[in-house]
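Student: I'd like to go over a predicted model; first the sequence, then the structure.
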Amino acid sequence: MQTFEPISGGWAIVAMSLKVTLIFTMVMLVVAYATLAERRVSAFIQDRRGPNRVGPFGLLQPIADGIKNILKEETLPATASRVFFVLAPILVLFPSLVTFAVIPIAAPLPTSAGVVDMIIADVPIGILYVLAFSSLAVYGVVMGGWSSNNKYAFLGGLRASAQMVSYEVALGLSLITVLMLTGNVTLPEMVAQQQQLGLWYAFPLSLAFILFVVSAFAETNRLPFDMPEAESELVTGYHTEYSAMKFSAFMISEFGHMVTASALMATIFLGGWDIPFWKGDDAFWYQGQLISGFAADGSALLATPTWWKTLLTFGAFAAKTLFFLLVYIWIRWTLPRFRYDQVMSLGWKVMLPTALVYVMLIGGTILALDEIGMAWGFGYGLALTAVSGVATIAFVYFVDRGRTITGAAAHLSQRVEIKSTPQPAPMEQS
Amino acid sequence: MSITVRVMERPDAETTSYLRATLSGMALTFKHMINPNKVTQQYPEEQTDLSPRWRGTHRMEVHADGRPKCVACGLCPTVCPANCIRLVGGEDDQGNRYPIVYEIDEFRCIFCGMCQEVCPVEAIHVGQHFENAEYTRDRFVYDLDRLMEQEHPVTLLWDPSDPRSE
């Protein structure tokens, strides 16, 4: 039987260069078309047609936008801090693109020189790398807001920093449960564990999934959490003073964050490139061998990677990622923006305690399941699903009582009675 | 007289539900997203049906032999509230009056249609037409030849006995 060895030597460098080029191009392409998708979906939601003039179905619109942005005048406000003003778009663009490096996009691809993992950098710190770089993006936002020397931009930057810090906590804590269940922090390992479990983490860790999605929305500054660029309050927030390509860099980074966050949600909670109900695509490295799982007696079953399995799994990954992208856009054009105090109280009073309690609950459940000697597998996943389901229902029940997000008028203590007041009669015209 | 402030009835904290409202809102937007009936009109390809009483660009009616029907009576420059019609009348050998100069400044015109109403020989009309874009401003002063070249349908006058033009 043919054995599969990881690619090494000179061909590894070639494969790496190709992967970097391919994934970077793909992400930029998805970002470009996400801007078009946003405009068209928003149009559809509002019973309009959206941009459909440039090319068939408006497919060349992103290119037209790009050309326009390059040809526009770059402005530099007279009172802006020059260095930081130029640095900010770079700092905000770079982390949003670099995060994609640790996300596996498909099953390993066999070539004549060896098996190529479809991931740019399988770094052992995995998810920590993602968290570190996604937090770096806020530096660019704050810097852009501050260096513009504009009060609205400054307020936007301030809000961004406060919001990022608040939701980073819930985001990290909701991931702890995933790390406990996986026993590792790398994303390929998470995909492999979900394949072995036979259940995507969205089920056994349903509450973590909800918390992660909400936090990810807040982290990417998308509605209903777009406090930093609240148009109706702050012009456009931190990038008010930016124009042309620098503004475009902020837009690209926002959509880049969306794409990365969608890919992360798909990878961590929806099995990444795993095709559901099919064992044939499972493949991960175990003691130097590419295996698809373990037999009942504990011996390793060798995986059979083929190029079409790589393509199919990439399709699955793309479908899941695009689904989350669509949800991002869909929610943006459905929900109104939170008030600032609502964002803060949701982050600190709801998300953080829930995540903390949930970490304790899942930790305790995993401990108890291991203690009673339950075998790792589908049953294990189902037990966790039941516990998480109860926790999710309790969480939804609590949130749904309206104690968390309400308008000020809904609080009886804050209600103001305004009665009609008689006005003095108008003076007679003499 | 008193100013009254209307206080909106808002649901209490106990009955407000963010999650349920969110879900029903998303269902609503999804319904619109997949709804194929869009209100946008694809303008240059799809034209709006103009009302028969739409008052747009002017048009001068012509006789079969190509002369304008206008008799230079001077009623339209008199009635024109925007003072946009310039008329210099003349008389030929048989004593027929005809316009030597007849110009309408479409920038000044307010498209009230009174020139059409007042015309005794049904020569000048406003028409069912609105695409008047030009590259220079002086192209908007339509002279007699230009007015006679226009081919769009003319506006129906309002008939008091049939106020809804049925």
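Tutor: Looks like it came in fine. Computed from a predicted model, the values in this text were never measured in an experiment. Numbers count the residues shown, from 1 in each chain, chains lettered A, B, ... in the order given.

Student: got any ranges where chain B has weak pLDDT?
Tutor: Along chain B, the parts satisfying pLDDT under 70 run over B:1-2, B:9-17, B:158, B:160, B:163-166.

Student: max-length strand in it?
Tutor: strand B:97-105 (DSSP state E).

Student: For the helix or strand just after that one, buried residues please.
Tutor: Per DSSP states H and E, strand B:97-105 leads on to helix B:114-118 as the next helix or strand towards the C-terminus. Buried residues in helix B:114-118, defined by neighbour count with 16 or more other Cβ atoms under 10 Å in any protein chain shown: B:114, B:115, B:116. For glycine as for every other residue, the C-beta is placed from the backbone atoms N, C-alpha and C.

Student: what do you get for stretch B:19-35?
Tutor: B:26, B:29, B:32, B:33.

Student: Redo the buried residues of helix B:114-118 as a markdown table? Include distance to residue A:95.
Tutor: Shown next, in a markdown table, are the buried residues of helix B:114-118 (distance: Cβ to Cβ, whole Å):
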| residue | distance to residue A:95 |
| --- | --- |
| B:114 | 67 |
| B:115 | 68 |
| B:116 | 68 |
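
Student: Quickly check the buried residues of stretch B:19-35 for the two that are furthest apart.
Tutor: The distance between the two most remote of the buried residues of stretch B:19-35 (Cβ to Cβ) is 10.9 Å, for B:26 and B:32.

Student: chain center to the strand or helix carrying residue A:12, what's the gap?
Tutor: In this structure, residue A:12 sits in helix A:10-45 according to DSSP H and E. Here helix A:10-45 is found 15 Å from its chain centre; the criterion is Cα atoms, centre = their mean, to the nearest Å.

Student: and it, what does it pack onto?
Tutor: helix A:61-71, helix A:82-98, strand A:114-116, helix A:244-269, helix A:307-332, helix B:18-33 (3 or more Cβ pairs under 8 Å, 6 or more residues apart in numbering or on different chains; DSSP states H and E).

Student: Of all these, which one is nearest residue B:63?
Tutor: That would be, of the helices and strands packed on helix A:10-45 and by Cβ to Cβ, helix A:61-71, which comes in at 51.5 Å.

Student: Does that closest one reach chain B?
Tutor: No. Applying Cβ under 8 Å from any Cβ of the partner chain, one finds helix A:61-71 separated from chain B by no less than 15.4 Å.

Student: and that helix, what does it pack onto?
Tutor: helix A:10-45, helix A:244-269.

Student: Residue B:77 is nearest to which of the ones you listed?
Tutor: helix A:10-45 (48.2 Å).

Student: Starting from the strand or helix carrying residue A:141, tell me the next helix or strand along the chain.
Tutor: Using DSSP H and E, residue A:141 falls within helix A:127-147. Counting by DSSP H and E, the next helix or strand C-terminal to helix A:127-147 is helix A:151-182.

Student: For that next one, list every residue counted as buried.
Tutor: A:152-164, A:166-182.

Student: what's near enough to touch residue A:137?
Tutor: Residue A:137 is in contact with A:91, A:92, A:95, A:96, A:253, A:257, counting by Cβ atoms under 8 Å, 6 or more residues apart in numbering or on different chains.

Student: can you narrow the residues you listed to ones near chain B?
Tutor: Okay, of the contacts of residue A:137, nothing touches chain B (Cβ under 8 Å from any Cβ).

Student: and which of those is nearest residue A:380?
Tutor: Closest to residue A:380, out of all of the contacts of residue A:137 and judged by Cβ to Cβ, is residue A:257, at 33.9 Å.

Student: Quick check: the spatially closest residue to residue B:89 that is not a sequence neighbour vs residue B:80, distance?
Tutor: Of all residues not flanking residue B:89 in the chain, residue B:72 sits nearest, at 3.0 Å (Cβ to Cβ, 6 or more residues apart in numbering or on different chains). Taking Cβ to Cβ, to the nearest Å as the measure, residue B:72 and residue B:80 are separated by 15 Å.

Student: Keep the buried residues of helix A:151-182, but drop any that are not near chain B.
Tutor: Within those, nothing lies near chain B by Cβ under 8 Å from any Cβ.

Student: How about the contacts made by the residue positioned nearest the centre of chain A?
Tutor: Nearest to the mean C-alpha position of chain A, by Cα atoms, centre = their mean, lies residue A:261 at 1.7 Å. Applying Cβ under 8 Å, 6+ apart to residue A:261 gives the contacts A:134, A:216, A:219, A:220, A:324, A:328.

Student: If we use 7 Å, what do you get?
Tutor: A:216, A:219, A:220 (Cβ atoms under 7 Å, 6 or more residues apart in numbering or on different chains).

Student: And residue B:19, by the same measure?
Tutor: For residue B:19, the contacting residues are A:396, A:399, A:400, by Cβ under 7 Å, 6+ apart.
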